[in-house]
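Q: Sequence and computational prediction follow.
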Amino acid sequence: MNPDDYEQYALSIDFFSDPVFNESLSRYISLIVGSSPSSSKICDVGGGTGYLLNLILKQRTDLVATLIEPSKPMFYQAESSLASTKIKLVNTTLQESISTLECQDAFLFCRSLYAFSGDISFYKALFSQLTEKLSAFGQLFIYEISAVYDIALYKKRLEKNFINKKEKFKKHWPILELALQRFNEGVENGEFTLFSRDKIESLASEAGFTLLYYSHPDLYCFRKRYS
């Protein structure tokens, strides 16, 4: 995915990422907070502005975190907002940085995996690389979107959540709408990959992972199998 796609989105993503208004993100955070062993090294891939990672670390101050974000607008915002934290920030793609990463105890993918490629064979290689970079019984936490957006319906649902923030919603919605359109277009033209449950579980199993947790519609936790 072109990192420039996020230039405007970087200004609005955090507004729509508040777990108070997004049940899936709330469960994603709770899963990581509750499932990570003490002092784990976690790597948030495509972590954007660092908003969600910061929420995780507020609850788990023992975790050692790395954030990988290739988009410069997102990365600069992360640098600014996380300046006082101990998070290691990496402004490259995962492909560019994975060879130099330390062994991790978990990789986090929150609505970012789809954008790596439209070719499923790419993900087979990627999952194998993740296996090699994880400690024994290391984990993958994945939250993905498995269908294109019905944008009109999505807007109606969001408006109900932000009923007390109508003016901010009006300001940020056009930017999110463009991002959703871009997502749908990327899926339709084969640039992005949509992950059904069968597809993502098959990739993980082939790479040596066991499913520990699944929550409808698209939240997963896998653990590296002992070998």
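A: Structure received. This is a predicted model, so every value here is computed, not measured. Residues are numbered from 1 along each chain as shown.
Q: can you give me the helices for the protein?
A: For the chain, the helices defined by DSSP state H occupy 23-35, 51-59, 72-81, 94-97, 120-133, 151-161, 166-188, 197-206.
Q: which strand in the protein runs the most residues?
A: Taking DSSP state E as the criterion, the chain has its longest strand at strand 134-143.
Q: Restrict it to CA atoms and write it as CSV.
A: Output of strand 134-143 as CSV, limited to C-alpha atoms (Å, rounded to 0.1, in the frame of the first residue of the first chain):
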residue,chain,number,x,y,z
LEU,A,134,8.9,-15.3,17.4
SER,A,135,10.1,-16.8,20.7
ALA,A,136,8.9,-20.3,21.7
PHE,A,137,5.1,-20.1,22.1
GLY,A,138,5.1,-16.5,20.7
GLN,A,139,1.8,-15.1,19.7
LEU,A,140,0.1,-13.3,16.7
PHE,A,141,-2.7,-10.9,17.5
ILE,A,142,-4.7,-10.1,14.4
TYR,A,143,-7.8,-7.9,13.8
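Q: Could I get the buried residue list for it?
A: Buried residues in strand 134-143, counted by 16 or more other Cβ atoms under 10 Å: 134, 138, 139, 140, 141, 142, 143. Any C-beta I mention is one placed from the backbone N, CA and C, and that applies to glycine too.
Q: swap in stretch 179-194?
A: Neighbour-count burial for stretch 179-194, counted by 16+ other Cβ under 10 Å, picks out 179, 180, 182, 183, 184, 186, 187, 191, 192, 193, 194.
Q: do stretch 116-133 as well
A: Buried residues in stretch 116-133 (16+ other Cβ under 10 Å): 116, 117, 123, 126, 127, 130, 131, 133.
Q: Next: stretch 153-161.
A: Residues residue 158 are the ones in stretch 153-161 that count as buried (16+ other Cβ under 10 Å).
Q: which outside residues touch it?
A: By Cβ atoms under 8 Å, 6 or more residues apart in numbering, the residues outside stretch 153-161 that reach it are 16, 21, 22, 169, 173, 177, 180.
Q: gap between the closest residue to the fifth one other than its chain neighbours and residue 149?
A: Spelled out, that is residue 173. Nearest residue to residue 173, sequence neighbours excluded (Cβ to Cβ, 6 or more residues apart in numbering): residue 155, at 6.8 Å. Distance, residue 155 to residue 149, using Cβ to Cβ, to the nearest Å: 10 Å.
Q: Between those two, which contacts overlap?
A: Common contact partners of residue 155 and residue 149 (Cβ under 8 Å, 6+ apart): none.
Q: on that earlier part again, now do the longest strand of the chain: everything it contacts.
A: Defining contact as Cβ under 8 Å, 6+ apart, one finds that strand 134-143 is touched by 24-25, 28, 31-32, 35-36, 41, 103-111, 113, 130, 200, 204, 209, 212, 218-224, 226.
Q: Show me which helix or strand of the protein is least confident by mean pLDDT.
A: One helix or strand of the chain scores below all others by mean pLDDT, DSSP states H and E: helix 72-81, with a mean of 91.
Q: wait, which of the buried residues of stretch 116-133 is closest to residue 88?
A: residue 133 (14.7 Å; Cβ to Cβ).
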